[in-house]
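Engineer: Predicted structure and sequence below. I'll ask about it afterward.
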Amino acid sequence: MTIQDWGSIGEIIGGIAVLVTIFYLAIQLRQSTQAAHRHTYNTAADSMAQFSWNLAKNPYLQKLYRTMLRAPDSLSDDELLQAETILDAYLTLMESYYLHNIQFGEELSQARWGRILSRIFVTPGGQRYWAQRRWQFHEEFAKYVDGLIAAEP
């Protein structure tokens, strides 16, 4: 074998090594992306659980929130604003979670969160809130909520 033959063999081996490296990096990137998605999901779920826990620990806010959903007209303007701010924060978390799932094609537990949202928007206060504040949410999320509302009997 000549030196050129050895050089050709080296180029073939080098090309194979590059392909193997690219394949390995693609696998690593996919695993890293999946881990990042799971972390985002866990963070969102933890944030929603923490929000609910903080609401449950405060009897005044819990009652205010419940009254806003069931009988919003019975609240003063200040109480209604405070209760709507609570719902703003909660729906912002839900919106973030939903948009993440849409972006990455993951459903995870979207059906569960859909049921939670549906329970909010079948109430008089939830319907009033959505009619007044739908505009402040991303259009994709707003369409999703509209679909949930339309699907309710």
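Structural biologist: Great, that's in hand. Predicted model only: the values in this text are computed from it and were never measured. Numbering: from 1, shown residues only.
Engineer: can you point me to the longest helix in this protein?
Structural biologist: helix 3-57 (DSSP state H).
Engineer: tell me the average confidence for that helix?
Structural biologist: Helix 3-57 carries an average pLDDT of 84.
Engineer: and Ile3, how many neighbours?
Structural biologist: 7 (other C-beta atoms under 10 Å). C-beta: built from backbone N, CA, C; applies to glycine.
Engineer: again with the one 10 residues further on
Structural biologist: For Ile13, the tally of surrounding residues (other C-beta under 10 Å) stands at 10.
Engineer: ok, now the one 4 residues further on?
Structural biologist: Burial measure for Ala17: 10 neighbouring residues, criterion other C-beta under 10 Å.
Engineer: Could you do Trp6 as well?
Structural biologist: Each residue near Trp6 was counted by other C-beta under 10 Å, and the total is 10.
Engineer: Ok, Asp88 next?
Structural biologist: 13.
Engineer: ok, it - contacts?
Structural biologist: Shown in contact with Asp88 (C-beta atoms under 8 Å, 6 or more residues apart in numbering): Arg133, Gln136.
Engineer: Tell me the secondary structure at the most centrally placed residue in the chain.
Structural biologist: Nearest to the mean C-alpha position of the chain, by C-alpha atoms, centre = their mean, lies Tyr97 at 0.6 Å. At Tyr97, secondary structure determined by DSSP: H, G, I helix; E, B strand; the rest coil is helix.
Engineer: Kindly provide the distance from the nearest residue to it once chain neighbours are set aside to Thr67.
Structural biologist: In space, and not counting its chain neighbours, Tyr97 is closest to Ala44: 4.2 Å by C-beta to C-beta, 6 or more residues apart in numbering. Remark: distance between Ala44 and Thr67 (C-beta to C-beta, to the nearest Å) = 27 Å.
Engineer: Kindly report the same for Thr92.
Structural biologist: Computed as C-beta to C-beta, the Thr92 to Thr67 distance reads 21 Å.
Engineer: which ones are touching the residue nearest to the centre of the chain?
Structural biologist: If you count contacts by C-beta under 8 Å, 6+ apart, Tyr97 has them with Tyr41, Ala44, Ala45, Met48, Trp113.
Engineer: Please identify the nearest residue in space to the fourth one, excluding sequence neighbours.
Structural biologist: By the measure of C-beta to C-beta, 6+ apart, the closest residue to Met48 outside its immediate chain neighbours is Leu93, 5.3 Å from it.
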